[in-house]
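In: for reference, the sequence and a predicted model appear below.
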Amino acid sequence: MSVDFYETNGQDYYQSTVYIDMNELYIPFLSRLPKGGHILDAGCGSGRDSKAFLEQGYSVTAIDASMVMVELSSRLIGQPTLHLKFQELRFDSAFDGIWACASLLHVPLNQINGGMQRLTTALKVGGIFYMSFKLGDGVRMDGDRLFVDYNEDSLRRLLSHHQCLQLKRMWRTDDKKLGCLRDCWLNALASKV
């Protein structure tokens, strides 16, 4: 359902997100990773974050469920982006960090625990998992896109189902995209124990 939006509107979405400065969010994530570590950019969209991580010397595997975004991000980062949905992940302890920026918010409630489990399995012990959601409560549709919004309590409940993830930090930020000042984001960092 949400993938269809990106298949149809991928070029516009790319243009509206690829130049957003995300350095403020990179710092707490990258500071917990080994130099040159391997990052899974889970739901990479435009490839903006993968490009930034590659430029800072990290190894990156980028994935996205939308073929349009796969093509656009592959061009931007100069390496193939994998066409994968969260439920298709089969990595085992492969990554030092997982970056799930504004991607898990499209996963339906009845699939989120499975997606989180696959991502956690892909993370090395001691690895860092960044995730972000629009701040809110519950499920809603925005055009063709499903959004599952979380607040601090509901995100803690979600993480409580994944005992090997230990919450390190949770914080709010304003939307970085021009014209979206009304949106607030909930960010979290967890480590795999």
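Out: All right, it came through fine. Numbering: from 1, shown residues only.
In: what helix or strand is F91 located in?
Out: For F91, there is no enclosing helix or strand under DSSP states H and E.
In: ditto for L167
Out: For L167, the host element (DSSP H and E) is strand 165-174.
In: what's that strand in contact with?
Out: 24-25, 28, 32, 116, 120, 128-129, 135, 152, 155-156, 159, 181, 183-193 (C-beta atoms under 8 Å, 6 or more residues apart in numbering). To be clear about C-beta, it is placed using only N, CA and C from the backbone, and glycine gets the same treatment.
In: cutoff 6 Å now
Out: Defining contact as C-beta atoms under 6 Å, 6 or more residues apart in numbering, one finds that strand 165-174 is touched by T120, L159, C184, W185, L186, N187, A188, L189, A190, S191, V193.
In: out of those residues, what pair is the most spread apart?
Out: C184 and V193 (29.1 Å; C-beta to C-beta).
In: the two: who's more crowded?
Out: The neighbour count for C184 versus V193, taken as other C-beta atoms under 10 Å, is higher for C184 (13 against 10).
In: can I assume the more buried one is in contact with L135?
Out: Yes: contact criterion C-beta atoms under 6 Å: C184 and L135 qualify, at 4.2 Å.
In: ok so, going back, tell me which of the contacts of strand 165-174 is nearest to R145?
Out: Out of those, the member with the shortest distance to R145 (by C-beta to C-beta) is W185, at 15.8 Å.
In: show me what the strand holding L167 pairs with in its sheet, parallel or antiparallel.
Out: strand 184-192 (antiparallel) (DSSP bridges).
In: before we move on, the earlier item: quick check: buried residues in the strand holding L167?
Out: For strand 165-174, the buried set under the neighbour-count rule, 16 or more other C-beta atoms under 10 Å, comprises L165.
In: now what about the helix or strand bottoming out on mean pLDDT in the chain, what contacts it?
Out: Of all helical and strand segments in the chain, the minimum by mean pLDDT, DSSP states H and E falls on helix 2-17, at a mean of 88. Applying C-beta under 6 Å, 6+ apart, the contact partners of helix 2-17 are S46, A65, S66, V68, M69, L72, H106, D144, R145, L146.
In: in this protein, what spans have low per-residue confidence?
Out: For the chain, applying pLDDT under 70 flags the ranges 1, 177-182.
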